[in-house]
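1. next comes the sequence, and after it the predicted model I'd like to discuss.
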Amino acid sequence: MPVALDDRLSLDVVTFAAGGHRYGIEASRVSAQRPAAGDGRPLLQIGDRLIAVTPPVELRRFEAAAIHPLPPLVAARCRLAALLALALDGEGAILLLDGDRLPEGDPALALEALA
Amino acid sequence: MSEPRATLDEVLTARRQSGKAIVNVDEPTVKLVVFEVAGESFAFPAGSIREILAGATVFFVPGCPVSLEGVINVRGDIESVIGLAPLLGLPAGEAGAGSMILLGHDGAMSSGIRVDRVVDVADVARTAIQPPPAVLSETMRRVALGVLSHRARPVTLLDLGRIFEDYARGVG
């Protein structure tokens, strides 16, 4: 029997843009937002890594019902190894990423290349 | 000699029945969803199609193959949407105005499947389904359960489970 989703469950997510798409990382994994680097993009600190992202960078709260595991065929075929789940809002899909699995170097560039 | 007279009810009944094919009611039938992709006709067993969706908004997911259009929100659940043409070795076209998404499932696997047009949902006698002929391409033979004729057109009956399995392995 399916377990009912607790409607009090929610998740804080730091959202940002890259390559025309919206991404998010669990807020508890983001330790700081640092001032923009030379190219004007803000930097998110995740563990000991700095990730350059495209504004707007926002802290948002999603109800558990708005967060979805990847459909099996997306999980099987998507080349974005860091993709963990999808969140939906009125504007479409936000791709929730595993900060630890973002590509080395400039992850934002890698995301843009995939987008 | 006078023409036979009938009541209006009799005439209407005769008219309704005149266009119908004769079906042996004792013959086992299977319900099929018949559709078109790239100008060819295909079918899935209706039991593997949960819904037929028109006009669903597809959200693009970067990093996926072109044949994976994106995801749709089906009453709070997310489903992928794949195009069949690349898997069947057919030319992929733009989704036209009449295109629809079949929401298919097989075991734990489910996905939306983009088709150009849904032709019919029909009961077909099992005996009307023939084994896949040897002339089918290797790609098609792998996913074909059989062939039949529907509305005077050849239709290939597809194995949705095999399609999902192949797609997950990287085919298409």
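-> Alright, I've got the coordinates.
2. just for the chain, where's the confidence low?
-> Just going to use chain A. Low-confidence segments of chain A (pLDDT under 70): A:1-5, A:37, A:103-115.
3. not what I meant, chain B
-> B:1-4, B:15, B:17-25, B:93-95.
4. residue 7 - how many residues pack around it?
-> Here I'm looking at chain A. Residues near residue A:7, counting by other C-beta atoms under 10 Å in any protein chain shown, number 9. The way it works is simple: take the backbone N, C-alpha and C, and place the C-beta from them, glycine included.
5. wait, chain B was what I had in mind.
-> Neighbours around residue B:7, by other C-beta under 10 Å: 8.
6. wait, a helix at residue A:38?
-> No - counting by DSSP: H, G, I helix; E, B strand; the rest coil, residue A:38 is not found in a helix; it is coil.
7. report the separation between it and residue A:52.
-> The spacing between residue A:38 and residue A:52, counted by C-beta to C-beta, to the nearest Å, is 10 Å.
8. between these two, which is the more surrounded one?
-> Each of residue A:38 and residue A:52 has its neighbours counted (other C-beta under 10 Å); residue A:52 has more, 21 against 6.
9. residue A:102 against residue A:82, yeah?
-> Yes - at 4.9 Å, residue A:102 counts as touching residue A:82 under the criterion of C-beta atoms under 8 Å.
10. strands of chain A, start to end?
-> Taking DSSP state E as the criterion, chain A carries its strands at A:10-18, A:21-26, A:30-34, A:43-46, A:49-52, A:54-63, A:67-69, A:83-89, A:92-97.
11. likewise chain B?
-> B:29-37, B:40-45, B:49-53, B:68-74, B:77-83, B:100-106, B:109-115, B:117-125, B:144-150, B:153-158.
12. mind giving me the packing neighbours of the second one?
-> Applying 3 or more C-beta pairs under 8 Å, 6 or more residues apart in numbering or on different chains; DSSP states H and E, one finds that strand B:40-45 makes contact with strand B:29-37, strand B:144-150, strand B:153-158.
13. for that strand, list the C-alpha coordinates in CSV.
-> Extracted C-alpha coordinates of strand B:40-45, given in CSV (Å, rounded to 0.1, in the frame of the first residue of the first chain):
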residue,chain,number,x,y,z
GLU,B,40,3.2,4.1,-40.6
SER,B,41,0.6,2.4,-38.5
PHE,B,42,1.4,0.8,-35.2
ALA,B,43,-0.5,-0.5,-32.1
PHE,B,44,0.1,-1.2,-28.5
PRO,B,45,-2.1,-3.5,-26.4
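14. thanks again, I'm all set now.
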